[in-house]
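Participant: requesting a structural model of the entry that follows:
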Amino acid sequence: MNIPRMLQIALAMFLLTASPLRSQEKRAPAQDPLESGISPLGDLTLPPQPATSSPSGTPTILSRASATVSVLNGEDLRSLGVRSFMDALRIVPGMEIQKISSTESSASLRSYTAGAASSQGVHGEINGRTVYNDFFGGVFWENLPVTLDDIKSIEVVRGPGSFLYGPNAMHGVINIQTRTPLDYFPDSKAAPHQIFARVEGGTYDSNSESLIFVHGDSNTAVKVKAAHDDIDDFETGADTRNKSMVQLEWETRLAPDQRLYLAAGATRQQFGTLIPTTPTAVVTIPPATFDTHSNEYFAQGIYIVGSDPDQLKIQTDWSRFDASGVPDAVYSPFSLLLDSVDLDVQYRFSPLHRHTVTSGTGVRYATFNSNDLDVTMGQHATWQTWIFLQDEVELVEERLFLTAGARLDQHSTAGTTIAPRAALVWQFAGDGKNTKGQPEKKVREDEGLDQSIRLTAGSGFQNPSLRDLWFDMPVNFGPVSGTIGGNRDLKPQELKSFEIGYWGRPNSRLQLEASTYYNRGDRLTQFQQLPSGQFARENVGHEDAYGVETNLEFQVTPEIYAFGNYAYEIRRDRDHGYERIPGGPKNKASAGVRLLPPAQKSALGAMLWATFFDESEFRDKPGPTSVLTGVPAYTLLNLRVWYPFKVGSGDGRVYLQGFNLLDHVHKEHPDGDAYGLIGSAGIEIAW
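Facilitator: Okay, here's the model as predicted:
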């Protein structure tokens with residue numbers, strides 16, 4: 001990740017060495033043939049839960065997590081009937097997803113919705129590799145080289161994650177885990193399938209196809225993936241999306257406690273990139289959309305040695321973003337070549353009884369130049385280095401847990417930043433309580449019924465992007481012309497956060513979560529007119545934010561699962577007394593029910609859910625020339641129905657799905673496109 005290599009390290013640690021949740025350790029899940037034995041479905045006596053969680057960077061039982069975290073497993077995502085994994089994240093409380101166009105979506109957390117999709121202060125990674133674009137200062141989520149059928153889980157950390165993940169995690173983290181080659185061979189037995197194919201078509205002339213081939217055994221395996229995705233513009237019908245990708249992964253266990261993972265891939269695509277309306281103190285710059293063509297490449301290597309609690313992880317990766325864009329107004333066309341290189345080292349060990357220490361260091365180098373129109377006056381580069389140290393202490397056996405540490409980052413332009421964090425978790429019910437001397441049957445009944453209260457204090461920050469530092473783009477609209485320029489004196493934006501959270505399973509069918517938080521933001525960047533006449537970002541903003549998030553999951557029967565959540569969030573400008581700053585909505589809610597027959601039975605499955613998004617504005621700050629347009633509230637109803645079948649030795653599934661089922665045509669961004677029903681039908685086959 002952006003500075004997060006260590007995080008990523010932490011991440012991969014959790015992915016590759018995490019121990020299962022206590023509530024699932026002794027259960028044999030039923031196998032979904034299409035999931036090659038790694039599906040988390042099966043025994044549904046408890047609400048579906050992921051096998052692991054890593055908000056602290058190490059294997060963690062959810063009830064003891066040191067941050068507010070939500071984890072969606074792959075089958076959860078696919079059952080929601082969405083075309084993009086981004087829309088699936090709408091069910092995460094406190095998360096705001098806005099669809100800007102058919103090729104661009106915005107992901108923000110806790111009301112920190114900025115105008116541009118890529119600049120929300122949310123860190124993203126895939127299998128521990130950062131997908132942050134250093135030039136634009138964010139993530140182009142819809143353009144990531146992932147497909148829904150290949151996602152194993154998505155972890156969302158709500159609240160600042162800079163302690164582990166670096167500057168891009170000012171407001172949170174989205175960590176995507178795809179199925180690695182060895183995931184298809186969970187034991188010494190041969191995998192039931194080696195070829196996985198999917199074809200889907202739907203509204204807006206959309207179509208997508210993917211093909212995955214795996215070969216190997218439980219010690220060494222290789223995976224080859226090819227995929228294509230295409231969808232037309234929502235409003236004009238123009239062919240705005242064409243994405244093709246190919247990836248190769250190789251994974252081996254050199255020894256029982258050693259693992260080596262290598263991956264490389266390439267993506268070629270066409271998509272639209274919105275530069276939204278930009279208000280300043282003297283003028284409002286109109287929006288523009290760049291028709292962008294890009295080639296992206298990456299290579300990654302991970303080496304892990306040791307086993308819990310002593311483990312060393314070394315990771316390195318390289319990525320290249322080669323793109324050109326032509327705007328429809330205001331700006332000028334230009335090309336960009338961006339290279340990023342990361343190296344991370346992280347070591348976890350247990351120096352004392354009940355102590356687990358995680359330490360790490362790393363470096364990230366990013367360099368770029370622009371062609372055609374040289375908007376950056378040559379080639380530029382930034383270095384980021386960091387170290388961090390964290391101690392996880394079990395103060396009282398099975399009851400009281402403390403996580404504390406600090407991270408120091410050095411940025412070649414923005415300077416030094418320190419990000420501390422501390423979390424105290426009291427598990428007042430569950431494992432370790434009232435089990436000694438109890439009959440075995442009683443212990444089994446109590447297993448997994450954990451309840452805990454958490455106090456967390458921490459900080460997040462976001463370094464200026466390369467575009468914020470070096471960018472001299474001429475703008476022309478009507479009688480006004482000028483330049484949007486870079487500001488070499490920008491400092492990191494900062495956020496301090498305080499949370500109180502509850503996580504619990506009061507009985508075997510019910511899971512409850514609740515959290516309340518207060519955030520204090522300083523040195524937030526806003527566009528200002530400089531004495532030179534240029535428009536550039538400066539560190540002038542100060543804000544407060546607070547909110548409440550709740551979530552409920554209930555296993556009605558072994559086949560029927562229901563959920564509901566609600567979030568209330570407010571931002572306040574401390575400088576001017578605005579009680580409500582344009583940004584995310586005050587209220588968000590989601591609810592749904594899923595029918596999921598046992599995987600061994602060929603029976604209809606279905607998921608029906610709805611999500612509500614309150615009215616919201618999308619400007620950084622009100623100003624004398626600002627037109628504070630926004631979007632009204634909307635509710636989306638969504639459905640997926642699927643039916644499994646067998647063909648010889650192969651297993652398949654046909655499905656029909658609709659997102660925005662009632663075809664409510666609406667905009668989710670004031671400068672974005674309106675869309676209606678996104679419906680599709682498809683077939684998946686594994687053999």
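
Participant: in space, what's closest to the residue nearest to the spatial centre of the chain - neighbours in sequence excluded?
Facilitator: The centroid of the chain falls nearest to residue 174 when counting by C-alpha atoms, centre = their mean (1.9 Å). Distance criterion C-beta to C-beta, 6 or more residues apart in numbering; nearest residue to residue 174, sequence neighbours excluded, is residue 124 at 4.9 Å. For the C-beta atoms, the positions are set from N, CA and C on the backbone; glycine is no exception.

Participant: likewise residue 510?
Facilitator: Per C-beta to C-beta, 6+ apart, closest to residue 510 is residue 554, 5.4 Å.

Participant: and whatever helix or strand the one you found lives in, what's buried?
Facilitator: Secondary structure assignment for residue 554, by DSSP states H and E: strand 535-555. Judged by neighbour count using 16 or more other C-beta atoms under 10 Å, the buried positions of strand 535-555 are 535-539, 541, 543, 545-547, 549-555.

Participant: sheet partners, orientation included, of whatever helix or strand residue 248 lives in?
Facilitator: Using DSSP H and E, residue 248 sits within strand 241-255. Applying DSSP bridges, strand 241-255 is found paired with strand 220-231 (antiparallel), strand 258-275 (antiparallel).

Participant: weakest of these in terms of mean pLDDT?
Facilitator: In terms of mean pLDDT, the lowest-scoring of the strands paired with strand 241-255 is strand 258-275 (a mean of 92).

Participant: can you give me the offset of that strand from its chain's centre?
Facilitator: 15 Å (C-alpha atoms, centre = their mean, to the nearest Å).

Participant: show the contacting residues for residue 495.
Facilitator: By C-beta atoms under 8 Å, 6 or more residues apart in numbering, residue 495 lies in contact with 121, 160, 170-171, 459-461, 519-522.

Participant: what's the closest of those to residue 80?
Facilitator: Closest approach to residue 80 among the contacts of residue 495 (C-beta to C-beta): residue 171, at 23.3 Å.

Participant: for that closest one, list the residues it contacts.
Facilitator: 108-110, 112, 120-122, 159-160, 460, 495.

Participant: tell me which entries of those lie within helices.
Facilitator: Among the contacts of residue 171, no member falls in helices (criterion: DSSP state H).

Participant: which of these scores worst on pLDDT?
Facilitator: residue 120 (70).

Participant: how much space between the closest residue to that residue other than its chain neighbours and residue 67?
Facilitator: Using C-beta to C-beta, 6+ apart and skipping residues adjacent in sequence, the residue nearest residue 120 is residue 108, 4.1 Å away. As defined by C-beta to C-beta, to the nearest Å, residue 108 lies at a distance of 17 Å from residue 67.

Participant: more neighbours, those two?
Facilitator: residue 67 (28 against 22; other C-beta atoms under 10 Å).

Participant: residue 365: neighbour count?
Facilitator: Neighbours around residue 365, by other C-beta under 10 Å: 17.

Participant: wait, it touches residue 411, no?
Facilitator: No. Using C-beta atoms under 8 Å, residue 365 makes no contact with residue 411, being 11.7 Å away.

Participant: what's the first-to-last distance across stretch 86-97?
Facilitator: 7 Å (C-alpha to C-alpha, to the nearest Å).

Participant: ok, stretch 284-293 next?
Facilitator: End-to-end distance for stretch 284-293, by C-alpha to C-alpha: 28 Å.

Participant: contact partners of that stretch?
Facilitator: 101, 240, 269-279, 323-331, 475, 477, 484, 535, 623, 625-627, 671.

Participant: same check, this time on stretch 198-205
Facilitator: 83, 102, 147, 149, 206-211, 230-234, 237, 239, 675-685.

Participant: mean confidence for it?
Facilitator: So the average pLDDT for stretch 198-205 ends up being 95.

Participant: for it, C-alpha coordinates in CSV please.
Facilitator: C-alpha atoms of stretch 198-205 as CSV (Å, rounded to 0.1, in the frame of the first residue of the first chain):
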residue,chain,number,x,y,z
ARG,A,198,-18.4,-17.3,-16.4
VAL,A,199,-20.4,-15.4,-19.0
GLU,A,200,-22.8,-12.5,-18.2
GLY,A,201,-24.8,-10.0,-20.2
GLY,A,202,-27.3,-7.3,-19.4
THR,A,203,-28.7,-3.8,-19.7
TYR,A,204,-26.6,-0.9,-21.1
ASP,A,205,-25.3,-3.4,-23.6
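
Participant: pull the distance from it to the chain's centre.
Facilitator: 25 Å.

Participant: residue 637 is in contact with residue 662, correct?
Facilitator: Yes. Counting by C-beta under 8 Å, residue 662 touches residue 637, with 5.3 Å between them.

Participant: ok, those two, which is more surrounded?
Facilitator: Between residue 662 and residue 637, counted using other C-beta under 10 Å, the more crowded position is residue 637 (16 against 12).

Participant: quick one: the nearest residue to that one once chain neighbours are set aside from residue 684, how far?
Facilitator: Here the nearest residue to residue 637 in space, its sequence neighbours aside, is residue 661; by C-beta to C-beta, 6+ apart that works out to 4.5 Å. Going from residue 661 to residue 684 by C-beta to C-beta gives 21 Å.

Participant: between the two, which is the more surrounded one?
Facilitator: residue 684 (20 against 17).

Participant: run through the bridge partners of that one.
Facilitator: Beta-bridge partners, per DSSP bridges, of residue 684: residue 198, residue 653.

Participant: isn't it right next to residue 208, touching?
Facilitator: No. Counting by C-beta under 8 Å, residue 684 does not reach residue 208; the two are 11.7 Å apart.

Participant: okay, and the beta partners of residue 458?
Facilitator: residue 421, residue 497.

Participant: quick one, helices of the chain?
Facilitator: Under DSSP H, the chain gives helices at 5-17, 74-79, 85-88, 162-165, 440-446, 466-469.

Participant: quick one: contacts of the third one?
Facilitator: Just to be clear, that refers to helix 85-88. Contacts of helix 85-88 (C-beta under 8 Å, 6+ apart): 72, 76-77, 80, 82, 97, 99, 105, 107, 141-142, 146, 148, 151, 154, 176, 659.

Participant: which among those residues end up buried?
Facilitator: Counted by 16+ other C-beta under 10 Å, the contacts of helix 85-88 give 72, 76-77, 80, 82, 97, 99, 105, 107, 141-142, 146, 148, 151, 154, 176, 659 as buried.

Participant: sitting in strands, which of these do you find?
Facilitator: Applying DSSP state E to these, the entries found in strands are 72, 97, 99, 105, 107, 151, 154, 176, 659.

Participant: quick one: the closest residue to the last one other than its chain neighbours from residue 86, how far?
Facilitator: The spatial neighbour of residue 659 that comes closest, neighbours along the chain excluded (C-beta to C-beta, 6+ apart), is residue 678 at 4.4 Å. For residue 678, the distance to residue 86 under the criterion C-beta to C-beta works out to 12 Å.

Participant: so which of those two has more stuff around it?
Facilitator: residue 678 (26 against 20).

Participant: what about residue 92, how many residues nearby?
Facilitator: Going by other C-beta under 10 Å, the residues that sit close to residue 92 add up to 26.

Participant: ugh, wrong one, I meant residue 575
Facilitator: Residue neighbour count, defined by other C-beta under 10 Å, stands at 10 for residue 575.

Participant: pLDDT below threshold where in the stretch 451-600 of the chain?
Facilitator: The stretch 451-600 of the chain contains residues with pLDDT under 70 at 478-480, 533, 577-583, 599-600.

Participant: I misspoke; the intended subject was the stretch 101-250 of the chain.
Facilitator: In the stretch 101-250 of the chain, residues with pLDDT under 70: 114-119, 188-191.

Participant: for the nearest residue to residue 474 once chain neighbours are set aside, which residues are in contact?
Facilitator: Of all residues not flanking residue 474 in the chain, residue 483 sits nearest, at 5.4 Å (C-beta to C-beta, 6+ apart). By C-beta under 8 Å, 6+ apart, the residues touching residue 483 are 472-475, 533-535.

Participant: those residues: which two are farthest apart?
Facilitator: Farthest apart among these - using C-beta to C-beta - are 473 and 533, which lie 14.0 Å from each other.

Participant: so for those two, which residue has more residues nearby?
Facilitator: residue 473 (21 against 9).
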